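Visitor: The following block contains a protein sequence and its predicted model.
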Amino acid sequence: MITMKDIVREDNPILYKVAKEVDLPASKKEKETLKEMLTYLKNSQDDAIASKYGLRPGVGLAAPQIGLSKRMIAVHFQDLDGRQYSYGLINPKIVSHSVEKAFLTTGEGCLSVDRDIPGYVPRYSKITVKATDIEGNELKLRLKDYAAIVFQHEIDHLNGVMFFDHINKQDPFAIPENSHPIG
Ligand SMILES: O=CN(O)C[C@@H](CC1CCCC1)C(=O)N1NCCC[C@H]1C(=O)Nc1ccccn1
Ligand code: NI
């Protein structure tokens, strides 16, 4: 079972590497790991389990965060329209995106960052993601707003990019042009 001790923190160089593509079909071990990542998210959102094991609630997790430099992510959340997303994805790729941007009014955090870093994180408001799921099916997901933000945060981790890299250094709360707030 993945717990907070398995999650690497921002001083770990693995978070700044470009993760390697997974050779398909994924190995038994890779599939098992991806399932465990999804289970972490579900556990972390269950108050009883989260408090019992001291889990920080998360809606997404990328393999580098558990010390594995492989292109695998898990997401488990409902968007603001109540749409449920629960996926373990292999080699996710953003194949197209809007010009328009969006940002969470709360800013962002990260399970690998044990401090609050204030500021808006501008991201594309719409993206299309292609990936392979745990069963080996090719997926094409059209995502917008909160869902688009979560997936971009996770795919960034596969490219060694952290949420704070996107915050405007001069004015962290500057409203990016051609963008809209979420939440
Ligand atoms: O790479 C992945 N991560 O670092 C886990 C992050 C991913 C999200 C951050 C912004 C977009 C994706 C994460 O989930 N969080 N960030 C740190 C603490 C809070 C937590 C969170 O937003 N929790 C949450 C939100 C809504 C409902 C339930 N729980
Ligand atoms: Ni993160």
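Guide: Looks like it came in fine. Ligands and ions are numbered 1, 2, ... in the order given.

Visitor: middle-most residue in the chain, spatially?
Guide: Glu154 (2.4 Å; CA atoms, centre = their mean).

Visitor: didn't that one look like it was pressed against Ala63?
Guide: No: using CB atoms under 8 Å, Glu154 makes no contact with Ala63, being 9.7 Å away. Heads up, the C-betas are built off the backbone N, CA and C, glycines and all.

Visitor: one step back: run the chain-centre distance for the strand or helix carrying the residue nearest to the centre of the chain.
Guide: Glu154 belongs to helix 145-158 when assigned by DSSP states H and E. Relative to its parent chain, helix 145-158 has a centroid offset of 5 Å by CA atoms, centre = their mean, to the nearest Å.

Visitor: what is the mean pLDDT for that helix?
Guide: The predicted model assigns helix 145-158 a mean pLDDT of 99.

Visitor: And the next helix or strand past that helix?
Guide: strand 179-182.

Visitor: Buried residues, that next one. List them.
Guide: Ser179, Ile182 (16 or more other CB atoms under 10 Å).

Visitor: What of stretch 146-165?
Guide: Under 16+ other CB under 10 Å, the buried positions of stretch 146-165 are 146-158, 160-164.

Visitor: filter those by proximity to ligand 1?
Guide: By CB under 6 Å from any ligand atom, the members of these lying near ligand 1 are Ile149, Val150, His153, Glu154, His157.

Visitor: Need the overlap of contacts for Glu154 and Ala63.
Guide: Ile73 (CB atoms under 8 Å, 6 or more residues apart in numbering).

Visitor: Which residues are in contact with whichever residue of the chain sits closest to ligand 1?
Guide: When scored by CB to the nearest ligand atom, the chain has Gly109 as its residue closest to ligand 1, at 3.1 Å. By CB under 8 Å, 6+ apart, the contact list for Gly109 reads Asp116, Ile117, Phe163.

Visitor: Can you name the residues of this structure that neighbour ligand 1?
Guide: 45, 56-62, 65, 77, 108-112, 149-150, 153-154, 157.

Visitor: Now restrict those residues to buried residues only.
Guide: For those, buried by 16+ other CB under 10 Å: 45, 58-62, 65, 77, 108-112, 149-150, 153-154, 157.
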